[in-house]
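Novice: sequence first, then the predicted structure, then my questions.
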Amino acid sequence: GAVVSQHPSWVICKSGTSVKIECRSLDFQATTMFWYRQFPKQSLMLMATSNEGSKATYEQGVEKDKFLINHASLTLSTLTVTSAHPEDSSFYICSSLGLLAGGNYEQYFGPGTRLTVT
Amino acid sequence: QKEVEQDPGPLSVPEGAIVSLNCTYSNSAFQYFMWYRQYSRKGPELLMYTYSSGNKEDGRFTAQVDKSSKYISLFIRDSQPSDSATYLCAMSASNYGGSQGNLIFGKGTKLSVKP
């Protein structure tokens, strides 16, 4: 399958600071990438859909001014958690949308970034 | 009622056992059904992808979809300790879980296969 990387894999920051998470599609160009959040023992919840060259589409209840998404190239999307608070501590996972032979799509997931806000 | 229901377990089985994992859903628009495996502190990895009803087999894994009952299953034969992970079902109304039909995940079932 395709390779998606995330950086950093783990970050600890102080309350009130901002954190940037990078998601890279390493072996194919992704016009669409997704950002998910996963709390312990909970399901993955879609936060936003990121399209290259346009504004991200946020899911209901996700603050777009707090979670800034930039998809500046076909291989890189970034999520910036601004003014982080302890309740933002979670596992953030990105995915890239790839078109398979036969016309089906598949989401390739990154390894995730664990954010801890103290 | 949540759109996708999945028993979180944990489920513990001996090596070699047949494992049955299940999800139920309420949205009849779902057409695409997936099973992902997620190891601890890692991203999900696609195991099986099924469109509409029916069975699909890949090695030791079999996915079943019963749209009339809104019920999907994943069977693992001859389970191995390396199968120990959390298994998430996911489904979508479109052929990619994008803005026209998001991927809706179950909570995941934590499986432990004991040697």
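Specialist: Great, that's in hand.

Novice: packing partners for the helix or strand of chain A with the lowest mean pLDDT?
Specialist: Lowest on mean pLDDT, DSSP states H and E among the helices and strands of chain A sits strand A:105-109, with a mean of 81. Secondary-structure packing of strand A:105-109 (3 or more CB pairs under 8 Å, 6 or more residues apart in numbering or on different chains; DSSP states H and E): strand A:90-99, strand B:45-51. In short, each C-beta sits where N, CA and C put it, glycine included.

Novice: helix or strand next in line after that strand, which one?
Specialist: strand A:113-117 (DSSP states H and E).

Novice: sorry, back to before: report the inter-axis angle for the least confident helix or strand of chain A versus strand A:90-99.
Specialist: Strand A:105-109 and strand A:90-99 are oriented at 150 degrees to each other (axes from the mean of the first three to the mean of the last three CA atoms, to 10 degrees).

Novice: stretch A:74-93 vs chain B: in contact?
Specialist: Yes - judged by CB under 8 Å from any CB of the partner chain, stretch A:74-93 comes into contact with chain B through A:91, A:93.

Novice: typo on my end, stretch A:30-46
Specialist: Yes - with CB under 8 Å from any CB as the criterion, chain B is reached by stretch A:30-46 at A:32, A:34, A:41, A:42, A:43, A:44, A:45, A:46.

Novice: any idea what the residue of chain A found nearest chain B is bridged to?
Specialist: Chain B sits closest to residue A:105 of chain A, with a gap of 3.2 Å, by CB to the nearest CB. For residue A:105, the beta-bridge partners under DSSP bridges are residue A:99.

Novice: chain neighbours aside, what residue packs nearest to residue B:19?
Specialist: Leaving aside its chain neighbours, residue B:19 sits nearest to residue B:76 (4.1 Å; criterion: CB to CB, 6 or more residues apart in numbering or on different chains).

Novice: next up, the contacts around that neighbour.
Specialist: Taking CB atoms under 8 Å, 6 or more residues apart in numbering or on different chains, we find residue B:76 in contact with B:18, B:19, B:21, B:60, B:61, B:83.

Novice: rerun that using 6 Å as the cut-off
Specialist: B:19, B:60, B:61, B:83 (CB atoms under 6 Å, 6 or more residues apart in numbering or on different chains).

Novice: quickly list what it is bridged to.
Specialist: With DSSP bridges as the rule, residue B:76 is bridged to residue B:19, residue B:61.

Novice: how close does it sit to chain A?
Specialist: Using CB to the nearest CB, to the nearest Å, residue B:76 is found at 19 Å from chain A.

Novice: now residue B:71
Specialist: Residue B:71 sits at a distance of 18 Å from chain A (criterion: CB to the nearest CB).

Novice: what sits against that residue?
Specialist: residue B:24.

Novice: touching, residue A:113 and residue A:21? I think so.
Specialist: Yes - at 4.7 Å, residue A:113 and residue A:21 qualify as touching, with contact defined as CB atoms under 6 Å.

Novice: show me where the chain has helices.
Specialist: Picked chain A for this. Using DSSP state H, no helices are found in chain A.

Novice: what about it, any weak spots by pLDDT?
Specialist: A:1, A:100-104 (pLDDT under 70).
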